[in-house]
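> this is a predicted model, with the sequence first.
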Number of protein chains: 2
Amino acid sequence: MTEIDTKSATVLLRAFAHPTRLAILQELSKGPKCVTDLEDLLPARQANLSQHLALLRHTQLVDFAQDAQTRCYYLARPKLTGLLLEELARNEVPVSKSTEQIKAEKAKLETKQAAMTKKQVQASKRTARARG
Amino acid sequence: MTEIDTKSATVLLRAFAHPTRLAILQELSKGPKCVTDLEDLLPARQANLSQHLALLRHTQLVDFAQDAQTRCYYLARPKLTGLLLEELARNEVPVSKSTEQIKAEKAKLETKQAAMTKKQVQASKRTARARG
DNA sequence: AGATTGTATTCGGATATGCGAATACAACAA
DNA sequence: TTGTTGTATTCGCATATCCGAATACAATCT
C-alpha cells in the first residue's frame, strides 16, 4: 500500500498501453526475439516496431543483446510484465456494491480522520480559485 | 500464459495510464470516496475529475453508489487495481542479460518450431508490400 | 421561487501520440 | 565496391488526448 509516484508510474503504464507494444511484450514473455522475428509474428512494419521498441527500451521494459547484425530483445522486468499479462488474461469480473454497503465502508473510514479540516481546505480552495 | 486480446487490454491500460486517474484509483483503493472528497485530496478540479471518473466508469474500473445528492465511487475491480498498484510500488529493478545467455535461450525455443516456414512468410510479406 | 450544492457533459484549442515514408548506417556478401 | 540485410531515426501529417471554461441539471436549502 505504499504511496506511488503517479507521474513516473504513468510513464510505465503508457508504455504498456498500446496494442503493438503489448503484443511485443507478450511475445517476449515467451522468449527473446529479434526485430525480424517480431515482424513475422505481428502485423506491423519494421520501422514501426523499432519505434515501439525504442519506447520500451527507454522505459526499461525491454533490453537487447547484440548478436552479430541482429539485436535480440528480451524482457528487462519479467516479473512486472508477467504479472500484468497474467492479470489481464484473468479478466476480473466487475463487482457491484449497494449504497448501504458503501455508506458503511465510508463512514468507518471517515471516523479515523478530522472531518472539519476537510471543509476548511475545501473552502480555501474555492476562494483561491475565485481570486486567481 | 493465455493469449490476450491486446486491443481490449489496451483500453484498460490506457485508463490506468494517467497521473490523475492513477491517483484516483489509489485513493479509492483505501476506501470509497465521492467527487468532492477527491477534489480535496487531489490537485484537480471537479469537472476534470468527473471527466476522468467517466472514463474509469466506462472501462469498468470504478462504479458508484448514489447517496442522496452525492455519488460514492469505489473500485469495481479491486484485485486488478490492487495488484497493479502493488506491483508499481515494488518497482522491479531491470535485469541485464549477456549475449551468450540470450543466444542460448533463443536457440532452445527455435528448435521447437519449423525455421523454414518463417523465411517464406517473411519473403511473401516483402513482395506483398512491394506490390501494394 | 431563487440560491446553493454535487456532479456531469459539451466545446474548443493546445499538446501528445501514432504511423508511414524516407533516410541513415553498420555489417556482411558478391 | 556495390549490394543486401537488420535495425534505428527523422519528418510530417492525421488523429487522439487533455483540460479549462461554460453549461446543464437535479436535489436541497432559504
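Arrived safely.
> mind checking the SS state of the residue lying closest to A:Tyr73 once chain neighbours are set aside?
Setting aside the residues directly before and after it, A:Tyr73 is nearest to A:Phe64 in space (C-beta to C-beta, 6 or more residues apart in numbering or on different chains), at 4.7 Å. Backbone N, C-alpha and C define where each C-beta goes, glycine included. Three-state assignment for A:Phe64 (DSSP: H, G, I helix; E, B strand; the rest coil): strand.
> contacts only, for A:Phe64.
A:Phe64 makes contact with A:53, A:57, A:71-74, according to C-beta atoms under 8 Å, 6 or more residues apart in numbering or on different chains.
> same deal with A:His18?
By C-beta under 8 Å, 6+ apart, the contact set of A:His18 is A:52, B:10.
> for it, give its distance to B:Leu55.
17 Å (C-beta to C-beta, to the nearest Å).
> buried ones in stretch A:69-88, by neighbour count?
A:71-78, A:80-81, A:83-85, A:87-88 (16 or more other C-beta atoms under 10 Å in any protein chain shown).
> all helices of chain A, in order?
A:6-16, A:19-28, A:35-41, A:46-58, A:78-90, A:99-110, A:116-131 (DSSP state H).
> may I ask which helix or strand of chain A has the lowest mean pLDDT?
Within chain A, no helix or strand scores below helix A:116-131, which has a mean of 44 by mean pLDDT, DSSP states H and E.
> interface residues of chain A facing DNA strand D?
Neighbours of DNA strand D within chain A, by C-beta under 7 Å from any atom of the strand: A:34-36, A:46-47, A:49-51, A:53-54, A:64, A:69-72.
> tell me the one among the residues you listed nearest to B:Ser98.
Nearest to B:Ser98, judged by C-beta to C-beta, of these is A:Cys72 at 10.8 Å.
> can you pull the contacts of the closest one?
For A:Cys72, the contact set (C-beta under 8 Å, 6+ apart) comprises A:32-34, A:64-66, B:99, B:102-103, B:106.
> need these in TSV (columns: pLDDT and distance to DNA strand C).
Listed next are these as TSV, based on pLDDT from 0 to 100; distance: C-beta to the nearest atom of the strand, whole Å:
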residue	pLDDT	distance to DNA strand C
A:Pro32	97	19
A:Lys33	97	18
A:Cys34	95	14
A:Phe64	98	14
A:Ala65	97	14
A:Gln66	95	9
B:Thr99	96	12
B:Ile102	95	16
B:Lys103	92	14
B:Lys106	87	17
